[in-house]
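J.: pasting the structure only:
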């Protein structure tokens, strides 16, 4: 998949918050990608379960098409009683997709294996800090510049994701990949 350039006016996240009924007072952890086992959504749900118990101001926004794994993820969400805290949008494109990025406090891609990780670049274009795994091809570029890189491990991911808002904002993500 190619990384598309962010539209010149890709919003401030308010349109996504309104569309998916997310109050401004809530922080958003965003996952954007296929809903597939390889993407590590199961571990993200486990991590979010811990975070949700500690803080009631966080929502998990899952954006993307089902690739045969959505039912299993929804069962895990039901098992943890997180239904009111996790929002599935289905796939978003163009300005809607970039507005979803802009609504997020942080973008998480917990992949078991990722050749490159184009969604990470898209998050960076929007100035959103990233947490990903060492299994992502672009991980070495992201580390300490645009976010955190961790082992594919629930405890490692929890440590990095379960930061307060000020720690998430420690990254000055200003990477611009536009070639225009």
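T.: Looks like it arrived, so ask away. Predicted model, so just to flag it, every value in this text is computed and none were measured.
J.: and the strand or helix carrying residue 62, what does it pack onto?
T.: Using DSSP states H and E, residue 62 sits in strand 58-63. Contact here means 3 or more C-beta pairs under 8 Å, 6 or more residues apart in numbering; DSSP states H and E; on that basis strand 58-63 packs against strand 27-32, helix 41-54, strand 86-90, helix 94-103. Just so you know, the C-beta spots here come from the backbone N, C-alpha and C atoms, and that holds for glycine as well.
J.: Let's have the ones you listed in TSV, adding mean neighbour count and mean pLDDT.
T.: Below are these laid out as TSV (neighbours: other C-beta atoms under 10 Å; pLDDT from 0 to 100):
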stretch	mean neighbour count	mean pLDDT
strand 27-32	22	95
helix 41-54	19	94
strand 86-90	16	98
helix 94-103	22	94
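J.: could I get the ones you listed as JSON lines with distance to residue 153?
T.: Below are these laid out as JSON lines (distance: least, C-beta to C-beta, whole Å):
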{"stretch": "strand 27-32", "distance to residue 153": "17"}
{"stretch": "helix 41-54", "distance to residue 153": "8"}
{"stretch": "strand 86-90", "distance to residue 153": "21"}
{"stretch": "helix 94-103", "distance to residue 153": "25"}
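J.: Which one of those lies nearest to residue 17?
T.: helix 94-103 (5.4 Å; C-beta to C-beta).
J.: ok, residues contacting stretch 77-84?
T.: Stretch 77-84 has contacts (C-beta atoms under 8 Å, 6 or more residues apart in numbering) with 45, 48-49, 52, 60, 86.
J.: does residue 70 really touch residue 88, like I thought?
T.: Yes: between residue 70 and residue 88 there is a contact at 7.3 Å, judged by C-beta atoms under 8 Å.
J.: on that earlier part again, between the helices and strands packed on strand 58-63, which gets nearest to residue 152?
T.: With distances scored as C-beta to C-beta, the stretch of the helices and strands packed on strand 58-63 nearest to residue 152 is helix 41-54 (7.3 Å).
J.: coming back round to it: mind listing the strands the strand holding residue 62 pairs with, and their directions?
T.: Here strand 58-63 is paired, per DSSP bridges, with strand 27-32 (parallel), strand 86-90 (parallel).
J.: hey, which helix or strand in the chain has the poorest pLDDT?
T.: helix 165-168 (a mean of 48; mean pLDDT, DSSP states H and E).
J.: Low-confidence bits of this structure, can you list those?
T.: 1-10, 143-144, 163-180 (pLDDT under 70).
J.: number of nearby residues for the nearest residue to residue 130 once chain neighbours are set aside?
T.: Distances taken as C-beta to C-beta, 6 or more residues apart in numbering put residue 147 closest to residue 130, at 3.5 Å, once the chain neighbours are dropped. Neighbourhood size, residue 147 [other C-beta atoms under 10 Å]: 26.
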